[in-house]
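Asker: sequence and predicted structure are below.
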Amino acid sequence: MDSYDATLARMPRLRADVNASPGNYRMLTGERPTGRLHLGHLFGSVLERVSLQDKGIETFIILADYQVITDRDTSANVKDNVREAILDYLAAGIDPAKTTIFTHSSVPALNQLLLPFLSLVTDSELRRNPTVKSELEASDRPLSGLLLTYPVHQAADILFCKGNLVPVGKDNLPHVEITRTIARRFNERYERVFPEPEAMLTTAPDVPGLDGRKMSKSYGNSIALGMSEDETSQLIRKARTDSNRHITFDLEQRPGVSALLSTAAICTGTTPEAVAEEIGDGGAGALKSTVAEAVNEFLADHRNRRRQLETDESYIDEILAEGNARANVIADATLGEVRAAMGMDYRSA
């Protein structure tokens with residue numbers, strides 16, 4: 001597999017080509033609908049999706065509802081989470097005329113690709129995948145077949161539409177690499193059907209959670225995009241800081257304070273040090289007020305657009321129905337090519 005350094009070295013060429021010839025690319029991205037999208041999602045992926053979409057790249061966003069149960073026993077609230085995510089996508093600038101939004105469970109042919117793809121990887125390759133290992137450690141549960149095959153399922157997500165561009169952070173790079181491996185092995189064993197997708201390393205800033213750890217739904221330290229201003233302010237007021245009234249940016253010694261400073265800086269386009277200098281000896285109260293004001297001001301337009309979209313529930317249903325229908329047409333065609341390449345096409349001539 002390619003190293004992170006090798007992938008990083010390819011980025012200038014790839015970005016230049018994407019800018020020059022966006023029509024040559026088809027992008028697949030998405031997430032598991034395990035909860036509400038938060039500020040980390042917006043900066044970490046959604047805004048970059050909007051930027052790439054607006055460059056003219058054909059874009060697919062998958063809400064991987066089947067993958068919710070890779071590491072949990074329930075699919076409760078998944079339908080609501082899907083709808084909430086679509087609201088946030090649209091409010092952030094995702095255009096359903098340019099981007100296909102769909103759910104895993106609605107595209108049978110995509111999931112059927114999992115079967116031939118599983119024959120192209122080994123047990124040891126799957127067990128080495130960092131996401132499989134980290135999710136297994138975090139879940140404190142036995143390794144399920146779905147979690148073990150999670151990287152192959154993601155390969156099916158990317159390759160069903162012949163996606164050749166996948167924006168990812170460093171931690172998710174192995175998923176693109178195993179997808180490239182599966183595409184290459186299929187093409188070599190049967191005939192060329194799939195492209196080997198390129199990973200585009202995201203340059204978005206990391207948004208820390210309110211406790212200093214990575215912002216995550218599972219940690220309960222996130223600022224959801226759909227929160228009201230009051231809810232946001234109340235959540236920030238509950239964040240842990242320390243007793244030192246002089247506000248400074250120090251990730252190691254003052255993680256809580258530094259997390260809040262980083263959040264304010266990201267939302268205002270400045271640096272944590274500059275925010276700290278402005279607050280000075282104002283203490284935790286002034287810090288939290290500054291952060292709440294910065295976040296609420298930054299999200300004001302997003303929330304206004306979101307409230308307008310919420311008034312027409314049928315619109316969200318229509319977008320998802322249209323996206324699912326288009327994804328099914330593409331997945332059926334790809335599965336047909338796969339069957340033909342494998343000699344398993346039984347239709348009459």
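Answerer: Good, I have the coordinates.
Asker: remind me which residues of the protein are low pLDDT?
Answerer: Along the chain, segments meeting pLDDT under 70 span 1-2, 218, 348-349.
Asker: could you pull out the strands for it?
Answerer: Using DSSP state E, the strands found in the chain span residues 26-31, 58-63, 99-103, 165-168, 198-201.
Asker: just so I know, which of those strands lies nearest Ser3?
Answerer: Nearest to Ser3 among those is strand 198-201 (11.7 Å), distances taken as Cβ to Cβ. (C-beta placed from N, C-alpha, C; glycine too.)
Asker: so which elements touch the closest one?
Answerer: Secondary-structure packing of strand 198-201 (3 or more Cβ pairs under 8 Å, 6 or more residues apart in numbering; DSSP states H and E): helix 4-20, strand 165-168, helix 173-189.
Asker: thinking again about what came up before, got the strands of the chain as JSON lines, with mean neighbour count and distance to Arg213 columns?
Answerer: Shown next, in JSON lines, are the strands of the chain (neighbours: other Cβ atoms under 10 Å; distance: least, Cβ to Cβ, whole Å):
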{"stretch": "strand 26-31", "mean neighbour count": "22", "distance to Arg213": "19"}
{"stretch": "strand 58-63", "mean neighbour count": "23", "distance to Arg213": "25"}
{"stretch": "strand 99-103", "mean neighbour count": "23", "distance to Arg213": "29"}
{"stretch": "strand 165-168", "mean neighbour count": "22", "distance to Arg213": "21"}
{"stretch": "strand 198-201", "mean neighbour count": "22", "distance to Arg213": "22"}
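Asker: of all these, which lies closest to His153?
Answerer: Going by Cβ to Cβ, the one of the strands of the chain nearest His153 is strand 58-63, 10.5 Å.
Asker: name the strands paired with the closest one and say parallel or antiparallel.
Answerer: Here strand 58-63 is paired, per DSSP bridges, with strand 26-31 (parallel), strand 99-103 (parallel).
Asker: JSON lines for the ones you listed, including distance to Ala276?
Answerer: What follows is those, written out as JSON lines (distance: least, Cβ to Cβ, whole Å):
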{"stretch": "strand 26-31", "distance to Ala276": "32"}
{"stretch": "strand 99-103", "distance to Ala276": "39"}
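Asker: out of those strands, which gets nearest to Pro205?
Answerer: The nearest among the strands paired with strand 58-63, by Cβ to Cβ, is strand 26-31 at 18.0 Å.
Asker: winner for burial among the helices and strands packed on strand 198-201?
Answerer: strand 165-168 (a mean of 22; mean count of other Cβ atoms under 10 Å).
Asker: that strand packs against which elements?
Answerer: Partner elements for strand 165-168 (3+ Cβ pairs under 8 Å, 6+ apart): strand 26-31, helix 47-55, helix 173-189, strand 198-201.
Asker: pipe the ones you listed into a markdown table and attach distance to Lys162 per row.
Answerer: Formatted as a markdown table, the helices and strands packed on strand 165-168 follow (distance: least, Cβ to Cβ, whole Å):
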| stretch | distance to Lys162 |
| --- | --- |
| strand 26-31 | 6 |
| helix 47-55 | 17 |
| helix 173-189 | 9 |
| strand 198-201 | 13 |
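Asker: can you pull the contacts of Ala286?
Answerer: The neighbours of Ala286, taking Cβ atoms under 8 Å, 6 or more residues apart in numbering as the test, are Ile247, Ile279.
Asker: kindly report the same for Phe194.
Answerer: Leu159, Lys162, Ile182, Ala183, Phe186, Asn187.
Asker: among the residues you listed, which two are most distant?
Answerer: Lys162 and Ile182 (13.0 Å).
Asker: Tyr315 is nearest to which of the strands of the chain?
Answerer: Closest of the strands of the chain to Tyr315 is strand 99-103, at 12.2 Å (criterion: Cβ to Cβ).
Asker: which residues touch that closest one?
Answerer: With Cβ under 8 Å, 6+ apart as the criterion, strand 99-103 contacts 49, 53, 59-65, 82, 86, 89, 94, 161, 319-320, 323-324, 326-327.
Asker: that one versus helix 47-55: what angle between them?
Answerer: Angle, strand 99-103 to helix 47-55, by axes from the mean of the first three to the mean of the last three Cα atoms, to 10 degrees: 130 degrees.
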